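J.: sequence first, predicted coordinates after that:
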Amino acid sequence: MKNIARLLLAFAILATAAVTAGAGDSKEKLYVVINYSVYHCHADVELNGVTMTKTDKQSAYTTTGFSTGAGLWIFPGKNTITLHIRPKEKETDPSRKPTIEVSLSTVKEGQMTNEGKKFFELKIPEKEGDARLENVKKAFTIAVNFTPAYVPPSELWEKAKAVSIDAAARREITKLVKDYHAALRKKDADTVWSILQFSSMDSIRIRHQPADNLKTQFNQMFKEMMADKNFNLLPLDAEKLVMKPVAGGKIIQVTDHSGKEPIRTKETKNEGAYTFGVYVGLIDGKWMIAR
């Protein structure tokens, strides 16, 4: 089955712009790209607590690719790449050795995603005799800290405060998610824009793109999405939302009880589903969508 996850606004509008020409600014534009290859290993790869890729039985415990969205999660100071290694449900061909390679690079405008300058690299096995990934019987974690050579321009990290998820925070975050879901259900473009405005503006700042016509782009995309006959929003189970601190505790990732995006449309066989990831932060004293 073909599964297409279609995100709203900045991630969808700007995903292809990360290494393309900008708006005439002569200043050098840099983008952070993560490249990864996981072979024959049951693993999740996280950047500052946010999943970049994962493998499972359906993928034969193998994945390879890149993400230009890594820059959204790079902040000043200590950052962390974390590998969560788990036993395989069913052992594959033992002659195929498990390996993991993860790298972070700065890529100049116009370069391919594998042509940048690496500032972080992790390879396992690290040397001959390193058998940590072989015959895994019990889950374990490998975490490696690094200080990025380049931090994308962002207002989030200086504005957001690291907080604990107490009862009051949970209530406010739940209300925000409910308001977001309700606005989508009502097809209320203005309210959805107000909820996503900070994250959208910060996302294009990171990608060195102009903000002049961002709301116009949003309105057009929102109109097209609402006209899609497959846009059938699923009910929100607000009582079972799961809240997980990421990015040094400055961001709270919100999922449903199964770890999926809390706001989704009904999945169709050929078109997949619209999914709305929710990452919130306490910014200027107010909980809002941060990423």
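T.: Ah, there it is. Remember, it's a predicted structure, so these values are computed and weren't measured experimentally.
J.: now do the contacts for residue 145.
T.: Neighbouring residues of residue 145 by CB atoms under 8 Å, 6 or more residues apart in numbering: 78-80. (Glycine included, C-beta is placed from N, CA and C.)
J.: correction: the previous question concerned residue 85.
T.: Taking CB under 8 Å, 6+ apart as the definition, contacts of residue 85 comprise 41-43, 132-133, 136, 139-142.
J.: mind listing the helices for the stretch 51-200 of the chain?
T.: Assigned helices in the stretch 51-200 of the chain, in chain order: 156-159, 167-185, 189-206 (criterion: DSSP state H, counting those that start in this stretch).
J.: which residues of the stretch 151-291 of the chain fall in strands?
T.: Using DSSP state E, counting those that start in this stretch, the strands of the stretch 151-291 of the chain run over 242-246, 251-255, 263-264, 273-276, 278-283, 286-289.
J.: thinking again about what came up before, now render the contacts of residue 85 as TSV, adding distance to residue 280 and neighbour count.
T.: TSV is the format used below for these (distance: CB to CB, whole Å; neighbours: other CB atoms under 10 Å):
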residue	distance to residue 280	neighbour count
41	32	24
42	30	22
43	27	25
132	35	15
133	35	21
136	34	18
139	28	10
140	30	11
141	25	10
142	28	15
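J.: tell me how far the nearest residue to residue 165 once chain neighbours are set aside lies from residue 77.
T.: Leaving aside its chain neighbours, residue 165 sits nearest to residue 243 (5.2 Å; criterion: CB to CB, 6 or more residues apart in numbering). Per CB to CB, to the nearest Å, residue 243 is found 24 Å from residue 77.
J.: and those two? Which one has more around it.
T.: residue 243 (17 against 10; other CB atoms under 10 Å).
J.: I'd say the more buried one and residue 257 touch.
T.: No. If you go by CB atoms under 8 Å, residue 243 and residue 257 don't touch, sitting 11.5 Å apart.
J.: buried members of the contacts of residue 145 into ChimeraX, please.
T.: The ChimeraX command for the buried members of these (criterion: 16 or more other CB atoms under 10 Å) is given here:
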select :79
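J.: tell me the one of the contacts of residue 145 nearest residue 202?
T.: residue 79 (17.6 Å; CB to CB).
J.: for the closest one, list the residues it contacts.
T.: Here residue 79 is in contact with 47-48, 145-148 (CB under 8 Å, 6+ apart).
J.: switch to 6 Å and redo it
T.: Counting by CB atoms under 6 Å, 6 or more residues apart in numbering, residue 79 touches 48, 146, 148.
J.: what's the answer for residue 113, then?
T.: By CB under 6 Å, 6+ apart, residue 113 lies in contact with 33, 66.
J.: tell me the spacing between it and residue 287.
T.: 34 Å.
J.: next one: residue 200
T.: 17 Å.
J.: neighbour count winner among these two?
T.: residue 200 (23 against 19).
J.: just to revisit the earlier point, and the contacts of residue 79, which is closest to residue 251?
T.: residue 48 (8.6 Å).
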